[in-house]
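> structure for this input, please:
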Amino acid sequence: MEEAHTSPDDAPASARRISWLPPVVIGLLGGALVAVIRTLELFQENAAYQNLATLSALGLTLILLAFWAIFFTGASGSVRAYLLFSGLALVGGFLSLVRVEGVSGDILPKLAWRWTPKADERLADEIGEGGKPADATIDLTATTDRDFPQFLGPARDARLNGPRLARDWQARPPKELWRQPIGAGWSSFAVVGPYAVTQEQRGDNELVSCYEILTGKLLWAHVDPGRFNAVIAGDGPRATPTIADGLVYALGANGRLDCLDGASGEVVWTHDVLAENSAPNLEWGKSCSPAIIGDLIVVSAGGPDDHSLVAYDKASGKEVWHGGDDPSSYSSPVLAELAGVEQILIVNHHALAAHDPTDGRVLWRYQWTGDQPKVAQPVIVGRNQVLIGSGYGIGCMLLEIERSDDGELSCREAWKSHSRKLKPKFTNVVLHDGHVYGIDDGRTLVCIELKRGDLKWRGGRYGHGQLLLVDDLLLVQSETGEVALVEASPERFTELTRFHAIDGKCWNTPALAGPYLLVRNAEKAACYELPLEGEE
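Below is the predicted model:
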């Protein structure tokens, strides 16, 4: 009788020896790829791209390891089926328990349990079907010289003449007046007198709400049905109301433009800006803060066939003109006088455009580099220059506006900075004494020389924060809710003092009305009285 012989290939699959070399190699290659991404110069200029590439590399590594485990271990079919279904069950179970609540400015996800309601949903029942008009008279016509009546302040340029802030908050800390929950959204506060107006999301309703500055009491709230959702960009409205002559103008994330009575929040007139101008909504929602231009209220619609920018009579709401063909981006109109001509500047998706305030026609246009979102406001420089900038590796450009003998306007680049110097992603920059200050792509504060665009210094880490210039001080709010004072000096970076103002992700621009600092994010709001120079 012949003796039976077996080869390794004839052995049962379950008894075969598994080679661990392939998963080790896959793991090492995945780790090396991540290391390259984290150190590669290409990704150093954009933390969001770096994090997305890192997550992609980790995901690819896990997929290859799973592919090896299921198909190339040499295990029996039943074992491979068990591995496959176990992996799918783990992924499905994780996704059924956890949702992505949002992301940081650098695209790092924030997770939450699926059964926990969003913060704004817990506030929905406090408003009901309508607002809550206060018993006392609310007067938004009584203005003061310390008002902050629109996005980025009185001149819409993030610069304030006073108050003179104390430079040491350790010796005299800011005084917290109130802190409370607020609905979702990235709006700032507009302030007139003792009242502050903002926009927020509560459940399925978008609100324009008026608060008392000293107490945080909700005085009235106008309610519009509708909700804007975006995992990356967050939920709710993102524009800031504008207050003028006792009226409040607010553009919602879905394109509804309301003019409200500042005393009660009741509707004076309203428009559906997107529908009326055949314009699509933006990926991350309409973000244009309405601009007062004489007797007009001007907003970016983003529609075709001369419906890019639209102006309405601010009292009656009647459309006065429309002009331009560019799709919108995430900026807001601003009035300027350049080369001796008054014009409305608006940063669009493909171009910076200048419109005639009388009829809306385009006076000149500068074509943007790249197809990325544009957010930062244009900065007017002297009599004939404009500074613009963007994140996503683009950087800043200084444009010079020229007027020909026949009155036609044109623009040319005075300089174009290297993208490493200053890339304002979704923050704004300020101009002071021939130098520009801004946060470079969610990383450090940067100072560049205006004349040639040369870098003077970079310092601090404020994430995707926001800033205001108060006299010769930069009031910087970090993405994590710290508020700091930094000297606006080209000599060196000097942070004088700081305090923690609010918890959570802070993309909203702070508002400063006299000594009162109003800060908020998508969940909380607070008001502080800042110490002033010369006071005890």
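
> contacts, neighbours, all on C-alpha from now
Noted.

> quick check: phi and psi on Arg256?
When read as degrees, to the nearest 10, the backbone of Arg256 gives phi -90, psi 120.

> quick one: it from Phe228, how far?
12 Å (C-alpha to C-alpha, to the nearest Å).

> with neighbour numbers in mind, choose between these two.
Between Arg256 and Phe228, counted using other C-alpha atoms under 10 Å, Phe228 has the larger neighbour count: 21 against 17.

> so the more buried one belongs to a helix, correct?
No: in this structure, Phe228 is coil, not part of a helix, as judged by DSSP: H, G, I helix; E, B strand; the rest coil.

> contacts for stretch 157-171?
Here stretch 157-171 makes contact (C-alpha atoms under 8 Å, 6 or more residues apart in numbering) with 152-154, 377, 379, 428-430, 467-471, 485, 496-499, 514-515, 530-534.

> any of those residues buried? List them.
152-154, 377, 379, 428-430, 467-471, 485, 498, 514-515, 530-532 (16 or more other C-alpha atoms under 10 Å).

> what about the residues you listed, which are in strands?
Of the buried ones among the contacts of stretch 157-171, the ones assigned to strands by DSSP state E are 379, 430, 467-470, 485, 498.

> pLDDT added to those residues, as CSV?
As requested, those are exported to CSV (pLDDT from 0 to 100):
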residue, pLDDT
Val379, 96
Val430, 97
Leu467, 96
Leu468, 98
Leu469, 98
Val470, 98
Leu485, 98
Arg498, 96
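
> can you list those residues in a markdown table and add distance to Cys210?
Putting these into a markdown table (distance: C-alpha to C-alpha, whole Å) gives the following:
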| residue | distance to Cys210 |
| --- | --- |
| Val379 | 29 |
| Val430 | 28 |
| Leu467 | 23 |
| Leu468 | 23 |
| Leu469 | 25 |
| Val470 | 25 |
| Leu485 | 28 |
| Arg498 | 28 |
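
> ok, the residues you listed vs Lys416, which is closest?
Val379 (14.8 Å; C-alpha to C-alpha).

> that closest one and Val430 touch, don't they?
Yes: here Val379 reaches Val430: they are 7.5 Å apart, a contact under C-alpha atoms under 8 Å.

> point out where the stretch 51-200 of the chain drops to low pLDDT.
105-108, 115, 127-136 (pLDDT under 70).

> and Met36, that's in a helix?
If you look again at residue 36, you'll see it is Val, not Met. Yes: under three-state DSSP, Val36 sits within a helix.

> from Pro109, how far off is it?
Taken as C-alpha to C-alpha, the span from Val36 to Pro109 is 22 Å.

> with Gln180 instead?
From Gln180 over to Pro109 (counting by C-alpha to C-alpha), the distance is 25 Å.

> do a quick rundown of the helices in the chain.
21-39, 41-44, 47-71, 77-97, 273-276 (DSSP state H).

> out of these, which gets nearest to Leu296?
Nearest of those (C-alpha to C-alpha): helix 273-276, 15.1 Å.

> and that closest one, what does it pack onto?
Counting contacts by 3 or more C-alpha pairs under 8 Å, 6 or more residues apart in numbering; DSSP states H and E, helix 273-276 packs against strand 256-261, strand 296-303.

> residues in contact with the longest one?
Think strand 296-303. Contacts for strand 296-303 (C-alpha under 8 Å, 6+ apart): 273-274, 277-280, 288-292, 307-314, 320, 325-329, 332-333, 346.

> buried among those residues? Make that a ChimeraX selection.
Command for ChimeraX that selects the buried part of the contacts of strand 296-303, burial taken from 16+ other C-alpha under 10 Å:
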select :273,274,277,279,280,288,289,290,291,292,307,308,309,310,311,312,313,314,320,325,326,327,328,329,332,333,346
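
> which residues sit in contact with Arg532?
Careful, residue 532 is Leu; it's not Arg. 163-166, 515.

> can you redo the residues you listed as CSV with distance to Gly434?
Formatted as CSV, the contacts of Leu532 follow (distance: C-alpha to C-alpha, whole Å):
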residue, distance to Gly434
Pro163, 22
Arg164, 21
Leu165, 22
Ala166, 24
Pro515, 27
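
> report the buried residues of stretch 341-359.
Across stretch 341-359, burial judged by 16+ other C-alpha under 10 Å covers 343-357.

> what about dumping the CA coordinates of that stretch to CSV?
What follows is stretch 341-359, C-alpha atoms only, in CSV (Å, rounded to 0.1, in the frame of the first residue of the first chain):
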residue,chain,number,x,y,z
VAL,A,341,-15.4,107.6,-9.1
GLU,A,342,-17.9,106.3,-6.5
GLN,A,343,-18.5,102.5,-7.0
ILE,A,344,-19.7,99.4,-5.2
LEU,A,345,-17.2,96.6,-4.9
ILE,A,346,-18.2,93.0,-4.6
VAL,A,347,-16.0,89.9,-4.4
ASN,A,348,-17.6,87.2,-6.6
HIS,A,349,-16.7,83.6,-7.4
HIS,A,350,-14.7,84.4,-10.5
ALA,A,351,-13.9,88.1,-10.2
LEU,A,352,-13.8,91.3,-8.2
ALA,A,353,-16.4,93.6,-9.8
ALA,A,354,-17.1,97.3,-9.4
HIS,A,355,-20.6,98.5,-10.0
ASP,A,356,-22.0,102.0,-10.7
PRO,A,357,-24.2,102.8,-7.6
THR,A,358,-26.8,104.7,-9.8
ASP,A,359,-27.7,101.9,-12.3
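
> contacting residues around it?
With contacts defined as C-alpha under 8 Å, 6+ apart, stretch 341-359 is touched by 293, 300, 320-324, 326-337, 361-375, 377-378.

> select only the buried ones of these in PyMOL?
The buried residues among the contacts of stretch 341-359 can be selected in PyMOL (16+ other C-alpha under 10 Å) with this line:
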select buried, resi 293+300+320+321+322+323+324+326+327+328+329+330+331+332+333+334+335+336+361+362+363+364+365+366+368+372+373+374+375+377+378
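
> strands - which of the contacts of stretch 341-359 land there?
Checking the contacts of stretch 341-359 against DSSP E, those in strands are 293, 300, 320-323, 334-337, 362-367.

> mind listing the residues bridging to Pro181?
The partner list for Pro181 in beta bridges (DSSP bridges) reads Lys524.

> next: the one 10 residues further on.
Bridge pairing for Val191 (DSSP bridges) gives the partners Phe148, Ala196.

> quick one: it and Phe148 touch, right?
Yes: counting by C-alpha under 8 Å, Val191 does reach Phe148; the two are 4.7 Å apart.

> of the two, who's got more company?
Taking other C-alpha under 10 Å, Val191 and Phe148 do not tie; Val191 has more neighbours (32 against 26).

> list the contacts of His322.
So His322 contacts 306-311, 359-361 (C-alpha under 8 Å, 6+ apart).

> quick one on the thing from earlier: quick one: buried ones out of the contacts of Leu532?
The buried subset of those - by 16+ other C-alpha under 10 Å - is 163-166, 515.

> quick check, nearest of these to Arg412?
Using C-alpha to C-alpha, these come closest to Arg412 at Pro163, 37.3 Å.

> separation between the closest one and Ile26?
Taking C-alpha to C-alpha, one finds Pro163 at 60 Å from Ile26.

> likewise for Leu55?
16 Å.

> can you check Tyr437 too?
45 Å.

> more neighbours, those two?
More crowded of Tyr437 and Ile26, by other C-alpha under 10 Å: Tyr437, with 27 against 17.

> was I right to think that one contacts Glu449?
No: contact between Tyr437 and Glu449 fails when scored by C-alpha under 8 Å: they sit 9.1 Å apart.

> residue contacts, the closest residue to His322 other than its chain neighbours?
Of all residues not flanking His322 in the chain, Val310 sits nearest, at 4.4 Å (C-alpha to C-alpha, 6 or more residues apart in numbering). Contacts for Val310 (C-alpha under 8 Å, 6+ apart) come out as 298-301, 319-323, 360.
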